[in-house]
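[1] Show me how the following folds:
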Amino acid sequence: MISISEAIAIVSSNSAALHTSSIKTVEKAGGYTLFKDISASINMPPFRQSAMDGYALNLHDSLSYTLIGEVKAGDAQQFELKPGEAVRIFTGAPVPDTANTIVMQEKVIKQDASITITAPIALDQNIRPMGEQVRKGAVALQKDTKLTPAAIGYLLSLGVTKVSVYKKPNIALVTTGNELVPPGQDLPFGKIYESNSKMLLSALYNLKFYDVTLYKVKDDYTKTVSTLKEALNANDLVLITGGISVGDYDFVGKALKELQVKELFYKVKQKPGKPLFYGKTATTQVFALPGNPAAALSCFYVYVYIALQQFMDRAITELPRVKAKSLSHFEKRGDRPQFLKGIFNDGRVEILDGQNSSMLQTFALSNVLIVMPAESSKIEVNDTVEVIVLPV
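    Numbers count the residues shown, from 1 in each chain. Below you'll find the model as predicted:
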């Protein structure tokens, strides 16, 4: 059995970026990272563009101008303005080449087909130059840029429809257990509803990992071997819940050994999540998580999260850790470090009731895990504690 810090170090040193690419449509590329630079195929904006509703002028010595037309957003007509002439113009509309400034409508008095300017004006005011954001042929977004909603909108505004992005891992979620029944069905005596797969699927989706396949297997050794073999061959990361302990019907460890998965560690001195397995083959990483839901999710955030970030070659691979003042009293049993569910707000944290590894109700209310070291037997009110901030 190893320590938490040793387990984190092992996961960090054995996880690596895929360094391969895939092509995604821009609207489905959110959360991915660009594999190569994107060059602009057009100027943005593609024409001189009005920054507001007002009047486009060809300047002359008088404050009075003759109106000769109107330009709305989307219009293609190009007016030829002589000095002293103007057109009504709206935000986003193309500015005539012969206009050299725009005055906002609030600074104009209109009378019939003429206008009078009531405020100082300057050359090129309120005109967005062609290519102000980016020039045609220039790099619009650099390689390694994470595609946020704003980046998606920017690329679409340039007419980009597909991008080359860093491939995210193919992930298998394998759930084991004869006692599991899908939600929505009748619940016979002795059975429980299966929640781990969709819980972990939701956690993966929240982190923008979408290439996930679900596998289910009963407590049968032969079927466990065949299911895990299929998952290992088809995926970069395999997450297994249940069946990793040492009971008579826990077949995952034996199956992984038969499939020649190299064990990097098994069992971590922690609560919850002691029976955690981490290993790998030449192509695939494997986490066998405890079957208890709160333990499985705790191990996901502390260890699996690191591997996921390493796959994407991210500089920061662990969830943020901050200090907080405890609002609660808590006494720990035993000598194992413990991850406690809590609610963190404005530098303070409340330790919630119901810390059992099988309980998700408390976890559902939590936004942090409080790290209670092995040497601490209790936490008092106003003690400073370390918390792991969970993804929102």
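
[2] right, and residue 320 touches residue 386 too?
    No - Residue 320 is beyond contact range of residue 386, at 10.8 Å (criterion: CB atoms under 8 Å). (Glycine included, C-beta is placed from N, CA and C.)

[3] who has more neighbours, those two?
    residue 386 (15 against 11; other CB atoms under 10 Å).

[4] Please, which helix or strand holds the more buried one?
    Per DSSP states H and E: residue 386 is located in strand 384-389.

[5] just residue 225 next, same as before
    helix 221-234.

[6] List the buried residues of that helix.
    224-225, 227-228, 231-232 (16 or more other CB atoms under 10 Å).

[7] Could you list the paired strands of whichever helix or strand comes after it along with their orientation?
    Where DSSP H and E defines the elements, the next helix or strand beyond helix 221-234 is strand 237-241. Partners of strand 237-241 in the sheet, by DSSP bridges, are strand 171-176 (parallel), strand 285-289 (parallel).

[8] from the chain's centre, how far out does strand 237-241 sit?
    20 Å (CA atoms, centre = their mean, to the nearest Å).

[9] Tabulate the strands paired with strand 237-241 (JSON lines), appending mean neighbour count.
    Formatted as JSON lines, those follow (neighbours: other CB atoms under 10 Å):
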{"stretch": "strand 171-176", "mean neighbour count": "25"}
{"stretch": "strand 285-289", "mean neighbour count": "27"}
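
[10] Is it possible to get CSV of the ones you listed that adds distance to residue 182?
    Below are the strands paired with strand 237-241 laid out as CSV (distance: least, CB to CB, whole Å):
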stretch, distance to residue 182
strand 171-176, 10
strand 285-289, 19
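
[11] Any chance of TSV for the ones you listed, columns mean pLDDT?
    Output for the strands paired with strand 237-241, formatted as TSV (pLDDT from 0 to 100):
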stretch	mean pLDDT
strand 171-176	95
strand 285-289	97
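
[12] Tell me which of those strands sits nearest to residue 157.
    strand 171-176 (32.5 Å; CB to CB).

[13] Other residues contacting the closest one?
    194, 196-197, 200-201, 204, 209, 211-219, 224, 227-228, 231-232, 234-243, 251-252, 291 (CB atoms under 8 Å, 6 or more residues apart in numbering).

[14] who does the helix or strand that comes right after that strand pair up with?
    Proceeding N to C from strand 171-176, the next assigned helix or strand is strand 180-181, under DSSP H and E. Using DSSP bridges, the strands paired with strand 180-181 are strand 192-193 (parallel).

[15] chain center to the strand it pairs with: distance?
    With CA atoms, centre = their mean, you get 30 Å for strand 192-193.

[16] tell me the contacts of residue 343?
    349-350, 352, 365-368.

[17] for residue 113, same thing?
    66-67.

[18] Backbone dihedrals for it, please?
    Taking degrees, to the nearest 10, you get phi -100, psi 30 for the backbone angles of residue 113.

[19] And for the one 4 residues further on?
    Note on residue 117: its backbone torsions stand at phi -80, psi 130 [degrees, to the nearest 10].

[20] any idea where the helices of the stretch 1-150 of the chain begin and end?
    Counting by DSSP state H, counting those that start in this stretch, the stretch 1-150 of the chain has these helices, from start to end: 4-14, 149-157.

[21] how about the shortest one: buried residues?
    The one in question is helix 149-157. For helix 149-157, burial by neighbour count (16+ other CB under 10 Å) applies to 151-152, 154-155.

[22] Quick check: the gap between the spatially closest residue to residue 379 that is not a sequence neighbour and residue 376.
    Distance criterion CB to CB, 6 or more residues apart in numbering; nearest residue to residue 379, sequence neighbours excluded, is residue 330 at 4.6 Å. From residue 330 across to residue 376, the span is 9 Å (CB to CB, to the nearest Å).

[23] Nothing else from me, thank you.
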